[in-house]
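Student: Predicted model and sequence below, questions to follow.
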Amino acid sequence: MVRGRCVRIRTHPIIDFPKRKQLSFCFQKKRLVGEEGDTIASALHAAGIRTLTTSLKYDNPRGFFCGIGKCSSCLMRVNGIPNVRICIAPLKEGICVEMQDKLARLPVAEFFGEPTKTLDFDVLVVGAGPAGLCAALESASRNAPVLLVDENQCLGGQLVKQTHKFFGSREERAGTRGIDIAKDLECELHRLQREGKIQVMTDATVIGYYESKNRHRFGVVKRCEYKSRLYDVRCKAVILACGAMENMLLFPGNDLPGVYGAGAVQTLMNVYGVKPGDRVLMVGAGNVGLIVSYQLLQAGIMVDRVVEAAPVIGGYHVHAAKLRRCGVPIFTSHSIKEVYGDEKVEGAIVVKLDEQWKPVKGSEEDVPCDTICLAVGLTPSTRLLSQIGVDLEFIPEAGGYVALHDESMQTSVRGVYVAGDASGIEEASTAMIEGKIAGLAAAMQLGRIRKKNLLVQYQNQLSQLRAGPFGEKPRIAKEKIAKHVEIGHV
Ligand SMILES: Cc1cc2nc3c(=O)[nH]c(=O)nc-3n(C[C@H](O)[C@H](O)[C@H](O)COP(=O)(O)OP(=O)(O)OC[C@H]3O[C@@H](n4cnc5c(N)ncnc54)[C@H](O)[C@@H]3O)c2cc1C
Ligand code: FES
């Protein structure tokens with residue numbers, strides 16, 4: 001097991017990371033200390049522990065990858081309960097955390113004690129990122145009772161780690177930091193919660209869709225003290241705003257502790273105030289790669305360089321210019337060939353690519369670093385949509401398989417809506433408007449509002465946001481989706 005020094009961030013130009021109450025817990029029979037508000041993963045990381053498990057076949061050390069509950073590389077046993085995703089599980093005083101020695105063992109004690117509880121709502125919203133929050137607010141403010149479910153402890157999805165100011169339109173809060181947008185949306189949500197129009201369930205996962213005669217029916221698992229309680233949730237309309245999963249790259253050493261997705265790096269440093277490492281190699285110069293690189297510098301972490309396989313930078317040039325001013329070189333037509341290290345990342349070999357994206361012989365360069373951050377794109381989370389049986393189509397510009405949907409975000413199954421990254425990878429501003437459209441359309445379907453003007457207004461805002469050169473990819477994606485709908489797929 002690899003241990004290093006403590007890596008808490010105490011000074012930051014934008015976020016306050018005060019010292020919080022200490023919580024003591026046990027890891028592999030050793031006593032460690034974390035802080036209130038930590039997840040188990042962030043507490044372990046802050047204590048310098050990066051190895052969480054070993055691979056099944058070769059016994060290689062493994063760390064966590066996505067940091068947002070999407071992959072399963074962080075499964076551990078907590079208080080005897082197996083397969084707890086510690087990147088989203090809260091740290092509690094006195095818990096016992098163990099590595100699973102490859103295979104999970106079921107606990108001896110009975111832990112499915114309580115009977116299933118049934119809940120009935122007009123609208124179920126899955127995911128409380130910008131899309132889900134806006135969808136829930138829109139439906140609830142039209143008097144359609146909403147249940148909002150998210151598997152994280154806090155609301156906001158990816159917004160809670162975005163410390164930079166947003167571009168886009170005034171309506172979608174351009175010039176405001178993502179973290180502040182998340183707080184504003186949460187405030188509005190609490191107001192509607194107090195009025196009894198929304199119920200919120202955090203630390204809960206929508207696990208599946210079940211048959212029902214005249215309702216949509218979902219299984220929801222709510223976690224409490226690492227144990228699970230099952231809810232049978234019925235609704236007239238559902239809005240799936242499940243976000244996206246980080247893409248992985250194939251190269252030797254990609255499973256060493258210290259190879260992270262950009263979301264994990266952002267979560268560790270901007271949500272929990274924990275440094276992912278000291279010297280980072282960033283892979284990918286799209287907006288995510290550029291923004292996260294700058295945020296690493298703000299947290300006092302060295303970014304050795306950014307490598308980008310394409311011949312041009314994919315993100316906004318203003319972000320690239322900021323990085324260059326800070327002395328971080330960006331190498332286009334370059335990629336990562338392999339990562340080396342005994343039990344954790346110790347360095348990487350980067351290589352130049354030719355016009356066919358093939359490695360140029362002799363161009364290998366050794367880059368010493370302890371962290372590799374992969375910002376190589378996202379794939380829409382469509383598992384629930386696929387299980388419901390909505391029509392899906394592979395649209396490369398949308399990031400992979402996406403649910404076909406009409407202009408009101410309704411899929412091929414009546415009453416099933418989609419919004420945000422789950423409907424095609426884009427950005428938070430468009431996710432918010434898509435959420436509003438889906439929330440409003442669901443309320444209209446339930447007869448809570450009749451006028452269509454607002455829907456049209458939102459649809460126009462969306463087109464305006466996609467009008468510029470950086471909106472080209474999502475514009476093409478949505479045009480392809482519309483084409484499939486037009487020829488009768490929805
Ligand atoms: C690392 C990273 C950096 C980014 N940087 C930027 C940026 O700088 N600017 C920008 O505009 N955009 C950025 N984006 C993209 C932007 O964050 C997304 O476009 C936006 O957050 C999408 O919103 P969403 O609501 O669709 O998804 P998310 O914000 O991802 O929210 C989805 C939510 O659904 C929950 N969920 C998923 N499945 C379930 C389930 N089965 N049950 C319960 N809950 C579930 C998740 O826990 C999550 O909270 C970034 C994305 C990433 C990953
Ligand atoms: S699910 Fe925890 S790291 Fe991916």
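Tutor: Done, it's in. Residues are numbered from 1 along each chain as shown. Ligands and ions are numbered 1, 2, ... in the order given.
Student: For the chain, which residues are neighbours of ligand 2?
Tutor: 64-67, 69-74, 85, 87 (Cβ under 6 Å from any ligand atom). C-beta here means a position set from N, CA and C on the backbone, and glycine is covered the same way.
Student: If we only consider those, which is nearest to ligand 1?
Tutor: For those, the residue nearest ligand 1 by Cβ to the nearest ligand atom is Gly69; the value is 5.7 Å.
Student: dump the residue contacts of that closest one.
Tutor: Gly69 sits next to 85, 87-88, 151-152 when contact means Cβ atoms under 8 Å, 6 or more residues apart in numbering.
Student: List buried residues within the residues you listed.
Tutor: Buried subset of the contacts of Gly69 (neighbour count, 16 or more other Cβ atoms under 10 Å): 85, 87-88, 151-152.
Student: now, which of the residues you listed lie within helices?
Tutor: Among the buried ones among the contacts of Gly69, no member is found in helices (DSSP state H).
Student: For these, could you give me TSV that also reports distance to Ser412 and pLDDT?
Tutor: Below are the buried ones among the contacts of Gly69 laid out as TSV (distance: Cβ to Cβ, whole Å; pLDDT from 0 to 100):
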residue	distance to Ser412	pLDDT
Arg85	31	94
Cys87	33	96
Ile88	31	94
Glu151	26	95
Asn152	29	94
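Student: Dump the residues you listed to TSV, plus distance to Val200.
Tutor: Formatted as TSV, these follow (distance: Cβ to Cβ, whole Å):
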residue	distance to Val200
Arg85	20
Cys87	21
Ile88	16
Glu151	13
Asn152	12
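Student: which helices and strands sit right next to the strand or helix carrying Val220?
Tutor: Applying DSSP states H and E as the criterion places Val220 in strand 216-224. If contacts are counted by 3 or more Cβ pairs under 8 Å, 6 or more residues apart in numbering; DSSP states H and E, strand 216-224 sits against strand 117-126, strand 204-210, strand 227-240.
Student: Let's have these in TSV, adding distance to ligand 1, mean pLDDT and mean neighbour count.
Tutor: Formatted as TSV, the helices and strands packed on strand 216-224 follow (distance: least, Cβ to the nearest ligand atom, whole Å; pLDDT from 0 to 100; neighbours: other Cβ atoms under 10 Å):
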stretch	distance to ligand 1	mean pLDDT	mean neighbour count
strand 117-126	5	97	21
strand 204-210	4	96	18
strand 227-240	8	95	21
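Student: Run a quick neighbour tally on Arg20.
Tutor: Arg20 sits with 12 neighbouring residues when counted by other Cβ atoms under 10 Å.
Student: Regarding it, what is its secondary structure?
Tutor: coil (DSSP: H, G, I helix; E, B strand; the rest coil).
Student: quick one: contacts for it?
Tutor: 35-37 are the contacts of Arg20 under Cβ under 8 Å, 6+ apart.
Student: Show the average pLDDT along the strand holding Val220.
Tutor: Mean pLDDT, computed over strand 216-224, is 95.
Student: The nearest residue to Asp370 once chain neighbours are set aside and Glu308: what is the separation?
Tutor: Spatial nearest neighbour of Asp370, excluding adjacent residues (Cβ to Cβ, 6 or more residues apart in numbering): Gly277 at 4.2 Å. Distance, Gly277 to Glu308, using Cβ to Cβ, to the nearest Å: 20 Å.
Student: Also Arg324?
Tutor: Distance from Arg324 to Glu308, counting by Cβ to Cβ: 13 Å.
Student: try Gln461
Tutor: From Gln461 over to Glu308 the distance is 31 Å, taken as Cβ to Cβ.
Student: quick one on the thing from earlier: between Arg324 and Glu308, which one's more packed in?
Tutor: More neighbours surround Glu308 than the other of Arg324 and Glu308, with 26 against 12 (other Cβ under 10 Å).
Student: Do I have it right that Gln410 meets Val416?
Tutor: Yes: Gln410 is in contact with Val416 according to Cβ atoms under 8 Å; the separation is 7.1 Å.
Student: before we move on, back to that, turn the helices and strands packed on strand 216-224 into JSON lines, including distance to Lys30.
Tutor: Shown next, in JSON lines, are the helices and strands packed on strand 216-224 (distance: least, Cβ to Cβ, whole Å):
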{"stretch": "strand 117-126", "distance to Lys30": "38"}
{"stretch": "strand 204-210", "distance to Lys30": "30"}
{"stretch": "strand 227-240", "distance to Lys30": "24"}
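Student: Tell me which of those strands sits nearest to Pro252.
Tutor: Between Pro252 and the helices and strands packed on strand 216-224, the shortest separation by Cβ to Cβ is 33.4 Å, and it involves strand 204-210.
Student: so what's the closest residue to ligand 1 within the stretch 1-150 of the chain closest to, chain neighbours aside?
Tutor: Closest residue of the stretch 1-150 of the chain to ligand 1, Cβ to the nearest ligand atom: Gly129 (2.1 Å). Nearest residue to Gly129 in three dimensions, chain neighbours excluded: Gly157, at 2.1 Å (Cβ to Cβ, 6+ apart).
Student: could you pull out the helices for the stretch 1-150 of the chain?
Tutor: Ranges of helices in the stretch 1-150 of the chain, per DSSP state H, counting those that start in this stretch, are 40-46, 130-140.
Student: out of those, deepest packed?
Tutor: Among these, the stretch with the highest mean neighbour count (mean count of other Cβ atoms under 10 Å) is helix 130-140, at a mean of 32.
Student: elements contacting the helix or strand Gly289 falls within?
Tutor: According to DSSP H and E, Gly289 maps onto helix 287-298. Counting contacts by 3+ Cβ pairs under 8 Å, 6+ apart, helix 287-298 packs against helix 262-266, strand 279-283, strand 302-308, helix 317-325, strand 371-374.
Student: Any chance of JSON lines for those, columns mean pLDDT?
Tutor: Putting the helices and strands packed on helix 287-298 into JSON lines (pLDDT from 0 to 100) gives the following:
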{"stretch": "helix 262-266", "mean pLDDT": "96"}
{"stretch": "strand 279-283", "mean pLDDT": "98"}
{"stretch": "strand 302-308", "mean pLDDT": "98"}
{"stretch": "helix 317-325", "mean pLDDT": "95"}
{"stretch": "strand 371-374", "mean pLDDT": "98"}
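Student: Which among these is found nearest to Arg194?
Tutor: Using Cβ to Cβ, the helices and strands packed on helix 287-298 put helix 262-266 closest to Arg194, at 31.3 Å.
Student: and that closest one, C-alpha only, in CSV?
Tutor: C-alpha atoms of helix 262-266 as CSV (Å, rounded to 0.1, in the frame of the first residue of the first chain):
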residue,chain,number,x,y,z
ALA,A,262,-10.6,15.2,-15.0
GLY,A,263,-13.8,15.0,-13.0
ALA,A,264,-12.0,13.2,-10.2
VAL,A,265,-9.1,15.7,-10.1
GLN,A,266,-11.6,18.6,-10.0
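Student: Thank you kindly, that will do.
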